[in-house]
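Participant: give me a model of this one.
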Amino acid sequence: MVKTRKLGLSPIPEAGEAKRGKSGYLAYLLRQANAAVRLALDRAFADLNVTGPQFSALVMVGAYDDLSSADLARLSLLTPQTVNVIVRNLEARGAITRRPHSVHGRILVLEITREGRRLLTQCRQRADRIEARLRAGFATAAEEDVVRRWLVVVATTLAEQA
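Facilitator: From the prediction side, this is the model:
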């Protein structure tokens, strides 16, 4: 049964129904899923005053040494302008610092601070609960592996064609 909301004259199906369900376009379903995950993360981090993109930045800065803002933009799939705002905000709250690269002194590399690691740990605990909810949708580990491999294939194949 399709639950609908009235918006103007047309009924709008809920997520998971009609074209927003199994019969929908894959690209739309991926976007819908991404939006749901981002909203869940933003809600989980709200009282920490952290957004999903800020969490992603903390994860990447904590995981990779000598990461520049440009590198972070590529890894986070965000524009350099957006990353600059994120970096400034995280720097202002003491979660990251910038220092000159040891070889290429004009490049500033990002480092996570003790405060940033503490904040990342808090966020990671909350993100792990969301990850667990995502994994709960799989019947088996093999099923999860298939979806993970497919998502990587989507990202790498479409990136190659861009």
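
Participant: wouldn't Pro13 be in contact with Lys19 here?
Facilitator: Yes. With contact defined as CB atoms under 8 Å, Pro13 reaches Lys19; the gap is 7.1 Å. No exception for glycine: its C-beta is placed from N, CA and C like everyone else's.

Participant: how about the secondary structure of Leu158?
Facilitator: helix (DSSP: H, G, I helix; E, B strand; the rest coil).

Participant: all strands in the chain, in order from the N-terminus.
Facilitator: All strands of the chain, identified by DSSP state E, fall at 4-7, 10-13, 67-68, 96-100, 108-112.

Participant: who has more neighbours out of Pro13 and Lys19?
Facilitator: Neighbour count, other CB atoms under 10 Å: between Pro13 and Lys19, Pro13 has more, with 16 against 11.

Participant: so how far is Gly137 from that one?
Facilitator: Per CB to CB, to the nearest Å, Pro13 is found 20 Å from Gly137.

Participant: give the residue spans of this protein that score low on pLDDT.
Facilitator: 1-9, 161-162 (pLDDT under 70).

Participant: that one: helices as residue ranges?
Facilitator: Ranges of helices within the chain are 26-45, 52-63, 69-76, 80-92, 114-135, 141-161, based on DSSP state H.
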